[in-house]
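K.L.:
Structure, please.
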Amino acid sequence: MPIGDTVPVSAEQLQVAADDYRITSADTLLRAQLHSSMVVCLYDAVGESGAMLHLRLAAPGQSRDPNLTDNTLSGNLSLLTRALRELSATASRAQHWQARLVAQSEDHETARARCEGLQAFIGEFLKDAGIRLVSAVAHLEPEVSVQFRPAMGQVQTLTAGSSNPP
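P.N.:
Numbers count the residues shown, from 1 in each chain. Next comes the predicted model:
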């Protein structure tokens, strides 16, 4: 994937696996492959600090269950709370926090309902934490890749069939 137009060639690139997060205060590109999962891209609108959290929408093989399980919600909430605490310590002067959500869901009614429920839950959590939710997008394509550059607040989503920039 060519990224030369959005990130300096020398910029560090970090992959963020499901059920994990990365925090950075440098000009870094954070990347994730989504599969029945969601990324929360957090950044300060003024500074260069930010984080990407990669949360599961469902346990493998359970995306057809419309109810968000307690384990899924508590795991995601725990990860989000821990990441926000670390991000706050890393960027103690940041005051203009914003977030973008990008999700990939299977294309059936119960999986879409699960995705919408988790996006709404995370949106309310962020609002309570004083973080402005800028956007929330869900994709139904089977292959979704997200690249996030916190220093610029830039999120790029590539899906199966989308053309890559030159």
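
K.L.:
only C-alpha atoms for contact and neighbour calcs from this point on.
P.N.:
Noted.

K.L.:
lowest-confidence helix or strand of the protein?
P.N.:
Lowest on mean pLDDT, DSSP states H and E among the helices and strands of the chain sits helix 70-90, with a mean of 87.

K.L.:
what's it in contact with?
P.N.:
19-21, 23, 25, 49-51, 53, 55-59, 94 (C-alpha atoms under 8 Å, 6 or more residues apart in numbering).

K.L.:
Now the buried members of those residues.
P.N.:
Neighbour counting with 16 or more other C-alpha atoms under 10 Å marks 19-21, 23, 25, 49-51, 53, 55-58, 94 as buried within the contacts of helix 70-90.

K.L.:
Mind picking the two most distant members of these?
P.N.:
Between any two of the buried ones among the contacts of helix 70-90, the greatest separation by C-alpha to C-alpha is 32.2 Å, found for 58 and 94.

K.L.:
Run through who's touching stretch 96-108.
P.N.:
Contact with stretch 96-108 is made by 34-46, 57, 63-64, 111-112, 115, 119, 126, 130-142, 144, 146, 155, as judged by C-alpha under 8 Å, 6+ apart.

K.L.:
average pLDDT across that stretch?
P.N.:
Stretch 96-108 carries an average pLDDT of 93.

K.L.:
Could you do stretch 20-38 as well?
P.N.:
On average, stretch 20-38 scores 94.

K.L.:
how much distance is there from it to the middle of the chain?
P.N.:
Relative to the centre of its chain, stretch 20-38 is centred 7 Å away, using C-alpha atoms, centre = their mean, to the nearest Å.

K.L.:
Dump the C-alpha coordinates for that stretch into PDB.
P.N.:
Listed next in PDB are the C-alpha coordinates belonging to stretch 20-38 (Å, rounded to 0.1, in the frame of the first residue of the first chain):
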ATOM      1  CA  ASP A  20      -4.600  -4.300  21.900                       C
ATOM      2  CA  TYR A  21      -3.700  -0.700  21.600                       C
ATOM      3  CA  ARG A  22      -0.800   1.600  20.700                       C
ATOM      4  CA  ILE A  23       0.000   5.000  22.100                       C
ATOM      5  CA  THR A  24       2.400   7.400  20.400                       C
ATOM      6  CA  SER A  25       3.600  11.000  20.800                       C
ATOM      7  CA  ALA A  26       5.700  10.900  17.700                       C
ATOM      8  CA  ASP A  27       4.800  11.100  14.000                       C
ATOM      9  CA  THR A  28       3.900   7.400  13.700                       C
ATOM     10  CA  LEU A  29       1.500   5.500  11.400                       C
ATOM     11  CA  LEU A  30      -0.700   3.000  13.300                       C
ATOM     12  CA  ARG A  31      -2.300   0.300  11.200                       C
ATOM     13  CA  ALA A  32      -5.000  -2.400  11.800                       C
ATOM     14  CA  GLN A  33      -6.700  -5.100   9.800                       C
ATOM     15  CA  LEU A  34     -10.400  -5.200  10.800                       C
ATOM     16  CA  HIS A  35     -12.400  -8.400  10.900                       C
ATOM     17  CA  SER A  36     -15.600  -8.200  13.000                       C
ATOM     18  CA  SER A  37     -13.800  -5.500  14.900                       C
ATOM     19  CA  MET A  38     -13.500  -1.700  15.400                       C
END
